[in-house]
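K.L.:
sequence and predicted structure, then a few things I'm wondering about:
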Amino acid sequence: MIELSFRRDLYSGAAVEEALRAFAEHAAIERIESEEAFVLRVRAPEGVDERLLSDELDNYVLGATIERRGE
């Protein structure tokens, strides 16, 4: 399991939700919220590189956040 943390003051909650939907079929992802951050716990299926998948999820959230800021 890999845990990703996205600070609320930097990342869009809507971007995190979008990423969860996009990656739902590729991994088991648990969302935990705190006052400071959105935390995602990622478990990839056997045979899938969990670190690579988590890195892609991380990039997706960043990209979606940037897109939303440009609107």
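P.N.:
Noted; the coordinates are in hand.
K.L.:
now the top helix by length along the chain: buried residues?
P.N.:
Taking DSSP state H as the criterion, the chain has its longest helix at helix 50-69. Judged by neighbour count using 16 or more other Cβ atoms under 10 Å, the buried positions of helix 50-69 are 53-54, 56-58, 60-62, 64-65. Placement of C-beta: from N, CA and C, glycine included.
K.L.:
show me what it is packed against.
P.N.:
strand 2-7, helix 13-23, strand 37-43 (3 or more Cβ pairs under 8 Å, 6 or more residues apart in numbering; DSSP states H and E).
K.L.:
what does the second one contact?
P.N.:
When contacts are defined by Cβ atoms under 8 Å, 6 or more residues apart in numbering, helix 13-23 is touched by residues 6, 29, 31, 38, 40, 53, 56-57, 60-62, 64-65, 67-68.
K.L.:
out of these, what pair is the most spread apart?
P.N.:
Maximum pairwise distance in the contacts of helix 13-23, criterion Cβ to Cβ, is 22.8 Å, between Leu53 and Arg68.
K.L.:
separation between the closest residue in space to Ala15 that isn't next to it in sequence and Val42?
P.N.:
With sequence-adjacent residues excluded and distances taken as Cβ to Cβ, 6 or more residues apart in numbering, Ala15 is closest to Ala64, at 3.5 Å. Distance, Ala64 to Val42, by Cβ to Cβ, to the nearest Å: 16 Å.
K.L.:
name all residues that make contact with Ser5.
P.N.:
37-40.
K.L.:
just the buried subset of the residues you listed, please.
P.N.:
Neighbour-count burial (16+ other Cβ under 10 Å) applied to the contacts of Ser5 gives 37-38, 40.
K.L.:
any chance of those in TSV, with distance to Asp49 too?
P.N.:
Output for those, formatted as TSV (distance: Cβ to Cβ, whole Å):
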residue	distance to Asp49
Ala37	24
Phe38	23
Leu40	17
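K.L.:
using CSV, please lay out those together with pLDDT and distance to Ala22.
P.N.:
Listed next are the buried ones among the contacts of Ser5 as CSV, based on pLDDT from 0 to 100; distance: Cβ to Cβ, whole Å:
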residue, pLDDT, distance to Ala22
Ala37, 98, 20
Phe38, 97, 15
Leu40, 98, 12
